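Asker: Model the following, please.
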Amino acid sequence: MENSVGQRVILLSLLIIIPFHAPQTLAEKIPQPIPSTFSIVAIDPENGDLGIAVQSKFFGVGVVVPWAKAGVGAVATQAFANTSYGPRGLALLEEGLSAEEVLKKLIDEDEGRDQRQLGIVGTRGTISAYTGSKCNEWAGDHQGKTYTAQGNILTGEEVVKAMGEAFEETTGELAERLVVPGGDRRGKQSAALLVVRKQGGYGGFDDRYIDLRVDDHPEPIQELIRLLGIKLTQNHIFKASAYSREKKYEEAIEEVKWAVKSNPGNGSYHYDLACFYSLAGKKSMALKSLEKAFDLDPRLRSYSETDSDLDNVRGEKGFKRLMEAGK
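Answerer: Below you'll find the model as predicted:
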């Protein structure tokens with residue numbers, strides 16, 4: 001009993017002498033830089049695509065800044081971001097308010113407005129942006145006919161202007177135009193690209209045409225561009241399959257040609273092209289593509305033995321020659 005009491009006295013003495021320090025959280029152990037963020041929000045007036053591209057010195061920026069709904073609009077909320085601006089802004093746009101009206105309503109109802117930054121594009125061609133007076137310098141925005149670019153903690157106004165100019169001068173799909181390299185070197189950690197299109201998602205079941213995120217990378221935009229190339233190729237292959245189901249083989253061929261041109265070293269795409277050529281009755285072209293596919297990936301040879309898409313060329317001497325070459 002005495003030993004037990006003595007131990008408690010010693011322990012209490014130590015607690016009095018040694019000050020208590022709460023353990024550091026993970027966030028406290030890792031230096032936290034002030035997040036520099038820039039984004040561009042735009043619409044393609046030809047097909048109605050809506051999208052946002054963003055890069056930031058902030059982990060996982062894709063879950064904070066970009067919001068969009070096909071046929072409605074797109075919103076980028078950043079700086080000391082109020083993420084409710086995304087869903088609320090889209091809901092107001094869907095009710096028929098213009099981008100300017102939506103922005104005013106969101107800002108007027110927010111006591112933290114001075115630290116916010118916001119860009120909105122509506123499907124009716126309305127565009128609006130806001131940079132709060134207490135956003136860290138340099139902070140501002142720049143608008144064009146179909147876009148708004150905004151950023152904070154940048155080197156200057158030239159950054160957002162250059163983003164707009166690059167967007168205007170680039171050709172291709174909206175997604176390709178949005179991720180042109182640019183911005184500010186201090187905004188490198190994460191990036192995201194969101195483009196919505198009516199029934200543009202997988203299988204046509206949703207509108208998420210492109211939804212890509214790079215959460216932590218030394219060159220996030222370059223990595224985003226790499227991922228976009230993969231996604232666009234996948235989209236073309238999906239389109240080709242859809243055309244094939246409708247027996248629109250010429251259209252399917254054009255879609256796969258895009259994939260082959262972008263990925264010449266991928267044997268599977270050459271094989272897909274051979275199949276569609278075969279289905280279209282273009283036997284010589286089918287055999288030529290098939291030969292290229294086998295050269296790049298010999299494993300495809302065994303798969304072709306029972307592939308019904310190649311029935312039109314299976315009796316050709318050229319096909320038999322290609323098969324015998326692998327024995």
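Asker: Look up how far residue 312 lies from the closest residue to residue 116 other than its chain neighbours.
Answerer: Excluding the flanking residues, the one nearest residue 116 by Cβ to Cβ, 6 or more residues apart in numbering is residue 132, at 4.9 Å. (Each C-beta comes from the backbone N, C-alpha and C, glycine too.) Per Cβ to Cβ, to the nearest Å, residue 132 is found 64 Å from residue 312.
Asker: re the thing from before, make sure the residue nearest to residue 116 is actually in contact with residue 115.
Answerer: Yes: taking contacts as Cβ atoms under 8 Å, residue 132 lies within contact range of residue 115: 5.2 Å.
Asker: Residues that sit against both of those two, list them.
Answerer: Taking Cβ atoms under 8 Å, 6 or more residues apart in numbering as the criterion, residue 132 and residue 115 both touch residue 79.
Asker: what sits up against stretch 293-306?
Answerer: By Cβ under 8 Å, 6+ apart, stretch 293-306 touches 265-268, 270-271, 274, 290, 310, 322-323, 325-326.
Asker: which residues of the stretch 1-150 of the chain score low on pLDDT?
Answerer: 1-35 (pLDDT under 70).
Asker: all helices of it, in order?
Answerer: Taking DSSP state H, counting those that start in this stretch as the test, the helices found in the stretch 1-150 of the chain are 2-17, 26-29, 85-94, 99-108.
Asker: mean confidence for the lengthiest helix in the chain?
Answerer: What stands out as the longest helix in the chain, according to DSSP state H, is helix 220-245. For helix 220-245, the mean per-residue pLDDT is 94.
Asker: May I see the buried residues of that helix?
Answerer: Residues 220-221, 223-225, 227-228, 231-233, 235-237, 239-240, 243-244 are the ones in helix 220-245 that count as buried (16 or more other Cβ atoms under 10 Å).
Asker: Show me what secondary structure element comes after it.
Answerer: Going down the chain from helix 220-245, the next helix or strand is helix 249-262, by DSSP states H and E.
Asker: pLDDT score for residue 184?
Answerer: Value listed for residue 184 in the pLDDT field: 56.
Asker: what do you get for residue 286?
Answerer: 98.
Asker: Okay, now stretch 296-307: how far is its last residue from its first?
Answerer: 18 Å (Cα to Cα, to the nearest Å).
Asker: so how far is it off the chain centroid?
Answerer: Relative to its parent chain, stretch 296-307 has a centroid offset of 33 Å by Cα atoms, centre = their mean, to the nearest Å.
Asker: Would you mark the buried spots in that stretch?
Answerer: Neighbour count says stretch 296-307 has 296, 297, 300, 301, 304 buried, by 16+ other Cβ under 10 Å.
Asker: quick one: average pLDDT of stretch 301-317?
Answerer: Averaged over stretch 301-317, pLDDT sits at 95.
Asker: Stretch 190-210 too?
Answerer: On average, stretch 190-210 scores 94.
Asker: Could you find the closest non-adjacent residue to residue 192?
Answerer: residue 62 is the one closest to residue 192 (Cβ to Cβ, 6+ apart), at 3.0 Å.
Asker: pretty sure the one you found is touching residue 213, no?
Answerer: Yes: contact criterion Cβ under 8 Å: residue 62 and residue 213 qualify, at 3.6 Å.
Asker: Now list whatever residues contact both of those two.
Answerer: 190, 191, 192.
Asker: quick one: contacts for the first one?
Answerer: Residues in contact with residue 190 (Cβ under 8 Å, 6+ apart) are 55-56, 58-62, 213-217, 220.
Asker: Which of the residues you listed sits closest to residue 260?
Answerer: residue 214 (26.5 Å; Cβ to Cβ).
Asker: What about that closest one, how many residues nearby?
Answerer: For residue 214, the count of nearby residues is 23 (other Cβ atoms under 10 Å).
Asker: residues in contact with it?
Answerer: 62, 190, 191, 192, 220, 223, 224, 227.
Asker: I'd like those laid out as a markdown table, including distance to residue 168.
Answerer: Compiled in a markdown table, these are given as follows (distance: Cβ to Cβ, whole Å):
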| residue | distance to residue 168 |
| --- | --- |
| 62 | 25 |
| 190 | 25 |
| 191 | 21 |
| 192 | 22 |
| 220 | 23 |
| 223 | 24 |
| 224 | 20 |
| 227 | 24 |
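Asker: Now for residue 228: which residues touch it?
Answerer: Applying Cβ under 8 Å, 6+ apart, the residues near residue 228 are 175, 176, 179, 193, 210, 212.
Asker: and the host helix or strand of the fourth one with helix 220-245, angle?
Answerer: Here residue 193 sits within strand 190-196, counting by DSSP H and E. Strand 190-196 and helix 220-245 are oriented at 30 degrees to each other (axes from the mean of the first three to the mean of the last three Cα atoms, to 10 degrees).
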